[in-house]
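>>> Sharing a sequence plus its predicted fold:
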Amino acid sequence: DREDVPTEYLVRDLLSQAEHDPEAGAILVTTSETQAAAVRKRLFELVPTLPRREILEASFSHRSALIVVESLKETFEVVNELAPEHLELLTQNPLEDIAQIRNAGAIFLGADTPEPVGDYFAGPNHTLPTSGCAKFASPLGVPDFVKTSSILRYSPQRLRQDGPDII
C-alpha cells in the first residue's frame, strides 16, 4: 500500500535476497501495478551488469516473483501463505499491520529496518524457518535449548472416577 517506497530500495532489497544462491527466492507483494512494473524494469536493467549475474538470473527465473494484489488484506493472505524466511513489512502502519502476519521467520518493520539489520547487526538468531516452514516452525531461540517434562498428578478420587475409561 506504499507507492512512495523508492523503486531502487525495493530493487536492491530483492537483489540482496536473490544473490545468495540460485535456490534463493525474492518476492515483492504490492498493491501497485505501477510499482511492480518499475521494479521489473529496473531489475532487467541492473542484473546483467552485476558480478553475481548468473546466480541472480537463476534465482529470479525459478524462485522469485512480483505479485500484484487487489488490497492490503490480500497482501497479508499471500504473505501468510508464502510463510517467508524474511519479511520486510513496508506498509503505511507496520506496527499495526504486524498483527495480520501469522507466518514469517523474521519480520522487519518499515524501511528503516532493512533485512541486513537482522542478519548482521541487531542480534536476533538467524536460524530461521525456510521454504514456507514458518507455517509451523519458529526461529531458533532459547526455548529450543530448554528441556521440559510433562508432569501429571491425579487424586485418588479422580483415578477411581476415570479408572474404567483409562483401562
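Good, I have the coordinates.

>>> Bridged to Leu109, which residues?
Counting by DSSP bridges, Leu109 forms beta bridges with Leu89.

>>> buried ones in the least confident helix or strand in the chain by mean pLDDT?
Using mean pLDDT, DSSP states H and E, the weakest-scoring helix or strand in the chain turns out to be helix 115-120, at a mean of 85. The neighbour-count check on helix 115-120 (16 or more other C-beta atoms under 10 Å) flags Glu115, Gly118 as buried. Heads up, the C-betas are built off the backbone N, CA and C, glycines and all.

>>> same check, this time on stretch 75-84
For stretch 75-84, by 16+ other C-beta under 10 Å, it's Thr75, Phe76, Val79, Asn80, Leu82, Ala83, Pro84.

>>> Test my guess that the first one contacts Leu28.
Read it as Thr75. No: using C-beta atoms under 8 Å, Thr75 makes no contact with Leu28, being 10.4 Å away.

>>> chain center to stretch 26-40: distance?
Offset of stretch 26-40 from its chain centre (C-alpha atoms, centre = their mean, to the nearest Å): 17 Å.

>>> Surely Arg42 touches Arg12?
No: using C-beta under 8 Å, Arg42 makes no contact with Arg12, being 9.5 Å away.

>>> who has more neighbours, the two?
Arg42 (17 against 13; other C-beta atoms under 10 Å).

>>> so what's the backbone phi/psi at the more buried one?
Backbone geometry at Arg42, expressed as degrees, to the nearest 10, gives phi -70, psi -40.

>>> Over stretch 145-161, what's the mean pLDDT, rounded is fine.
Averaged across stretch 145-161, the pLDDT comes to 95.

>>> Relative to Arg63, how far out is the residue nearest the centre of the chain?
In the chain, the residue lying closest to the centroid (C-alpha atoms, centre = their mean) is Pro84, at 2.9 Å. To Arg63, Pro84 is 12 Å away according to C-beta to C-beta, to the nearest Å.

>>> quick revisit: looking at the buried residues of stretch 75-84, which are in helices?
Thr75, Phe76, Val79, Asn80, Leu82 (DSSP state H).

>>> before we move on, the earlier item: figure out how far the helix or strand that comes right after the least confident helix or strand of the chain is from the centre of its chain.
For helix 115-120, the following helix or strand on the C-terminal side (DSSP states H and E) is helix 156-166. Distance, stretch centre to chain centre, for helix 156-166: 48 Å (C-alpha atoms, centre = their mean).
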